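Peer 1: build me a model:
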Amino acid sequence: MIRNSHMPLAISTIKKLYKIFITNDATLLEINPLVIDLHHRVLCLDCKINLDDNAAFRQKELFKLRDPLQEDPRDVRAALSDLNYIGLDGNIGCLVNGAGLAMSTMDIIQLHGGEPANFLDVGGGATVDQVKEAFEIITSNDRVQAILVNIFGGIMRCDIIAQGIIKAALDLEIKLPVVVRLQGSQVEDAKALIAQSGLKILACDNLDEAAKMVVRLSAIVVLAKEAAVDVKFKIPI
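Peer 2: Numbering: from 1, shown residues only. Below you'll find the model as predicted:
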C-alpha cells in the first residue's frame with residue numbers, strides 16, 4: 001500500500017528516471033514493475049530503455065555497447081541500408097514509404113483477414129538499390145507468402161520504386177505474388193515501366209482492393225502448402 005512516507009522516494013526516483021531519459025537521448029524508458037519493498041524502499045525491478053539512433057554521435061559510449069548478435073539480422077541489415085524494418089509474425093510482406101502509411105497498410109491487411117510479416121518503410125529518398133535490398137530483406141523471411149507494395153509518391157518518385165521492383169523481381173527471381181499500389185509523383189511512368197517489363201506484377205490503384213487481393217493470394221499459397229500442392233508464382237511471363 002502506498003503511503004505518504006513513500007512519496008519523497010517515489011518523486012526522487014521519477015526525477016532520476018527523467019534525467020536518465022533526457023541526458024541519454026532515450027525514446028523509451030519503461031519501468032515494470034516499480035515496487036515498494038518490505039523496508040519501504042521504492043525500487044525499479046526491471047527496466048527497458050531504447051535510445052534514439054540519430055543521437056549516436058552524442059552517445060558514443062552507450063552505442064559502443066550495442067551487440068548486433070542480440071538483434072534480428074534483418075533489422076541490422078535494414079539499418080545499414082537506411083531502411084526502417086521491424087519483423088512481425090504474419091505472412092504478408094509490406095514495402096511502404098512513410099511510417100504513417102506503413103501503419104495504415106498493416107491495419108487494412110488485418111481488416112481483410114491477413115497478417116503483416118513486417119513493417120518496412122523505405123522513406124522518401126530511396127534509390128533503386130535500396131528498393132531491391134528491401135525486397136531481399138522481405139523475402140529472406142520464409143513465412144512470407146505474398147508481398148504488398150504501397151507507395152504514395154510525394155518526395156519518393158513512383159518510377160524509382162517501379163525500377164527497384166523490376167530489378168528485384170529479375171535479380172532475385174521472386175516467385176511470390178507481388179501486388180503493387182502506386183499513387184502520386186511519376187505514377188504513370190511507373191505503370192508504364194511495370195507494363196513494359198513483361199513481369200507478372202499485379203497492379204491495383206485502390207488500396208482496399210490491393211489489400212483484399214494480397215490477402216487472398218497469401219491464403220492460396222498457405223492452402224496449397226498445407227495440401228502439399230506445388231503452386232508457383234513465376235514473376236517473369
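
Peer 1: and V76, how many neighbours?
Peer 2: Under the neighbour criterion other C-beta atoms under 10 Å, V76 is assigned a count of 14. Every residue, glycine included, has its C-beta placed from N, CA and C.

Peer 1: so it, which of the three states?
Peer 2: Under the three-state scheme (DSSP: H, G, I helix; E, B strand; the rest coil), V76 adopts helix.

Peer 1: just the helices in the chain please.
Peer 2: If you assign secondary structure with DSSP state H, the helices in the chain sit at 7-23, 60-63, 73-80, 99-111, 128-139, 158-171, 187-196, 207-226.

Peer 1: distance to N91 added to these, as TSV?
Peer 2: Conversion of the helices of the chain to TSV gives the following (distance: least, C-beta to C-beta, whole Å):
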stretch	distance to N91
helix 7-23	37
helix 60-63	34
helix 73-80	15
helix 99-111	10
helix 128-139	11
helix 158-171	19
helix 187-196	24
helix 207-226	5
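
Peer 1: can I get the ones you listed in a markdown table with mean pLDDT?
Peer 2: Supplementary listing: the helices of the chain in a markdown table, determined by pLDDT from 0 to 100:
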| stretch | mean pLDDT |
| --- | --- |
| helix 7-23 | 94 |
| helix 60-63 | 93 |
| helix 73-80 | 89 |
| helix 99-111 | 93 |
| helix 128-139 | 92 |
| helix 158-171 | 89 |
| helix 187-196 | 89 |
| helix 207-226 | 90 |
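
Peer 1: nearest to I49, of the ones you listed?
Peer 2: I49 lies closest to helix 7-23 among the helices of the chain, at 7.7 Å (C-beta to C-beta).

Peer 1: who are the packing partners of that closest one?
Peer 2: In this structure, helix 7-23 packs against strand 26-31, strand 42-44, with contacts taken as 3 or more C-beta pairs under 8 Å, 6 or more residues apart in numbering; DSSP states H and E.

Peer 1: and the shortest one, which strands flank it?
Peer 2: Strand pairing for strand 42-44, determined by DSSP bridges: strand 34-36 (antiparallel).

Peer 1: buried residues, the strand it pairs with. List them.
Peer 2: Buried residues in strand 34-36, defined by neighbour count with 16 or more other C-beta atoms under 10 Å: I36.

Peer 1: which outside residues touch it?
Peer 2: Residues outside strand 34-36 that contact it (C-beta atoms under 8 Å, 6 or more residues apart in numbering) are 2, 6, 10, 13, 42-45.

Peer 1: same check on stretch 21-33?
Peer 2: By C-beta under 8 Å, 6+ apart, the residues outside stretch 21-33 that reach it are 17, 20, 44-52, 55, 58-59, 62.

Peer 1: can you pick out the most distant pair from those?
Peer 2: Every pair in these was compared (C-beta to C-beta); the two farthest apart turn out to be L45 and R58, at 29.1 Å.

Peer 1: more crowded one of those two?
Peer 2: When neighbours are counted by other C-beta under 10 Å, R58 comes out ahead of the other of L45 and R58, with 13 against 10.

Peer 1: now the residue nearest to the more buried one when sequence neighbours are not counted: how far from A227?
Peer 2: Sequence neighbours aside, D25 is the residue nearest to R58 in space, at 6.1 Å (criterion: C-beta to C-beta, 6 or more residues apart in numbering). Noted for D25: a distance of 52 Å to A227, by C-beta to C-beta, to the nearest Å.

Peer 1: neighbour count for the two, which is higher?
Peer 2: Each of D25 and A227 had its neighbours counted (other C-beta under 10 Å), and the higher figure belongs to D25 (15 against 8).

Peer 1: quick one: which of the helices and strands packed on helix 7-23 is nearest E173?
Peer 2: strand 26-31 (38.6 Å).
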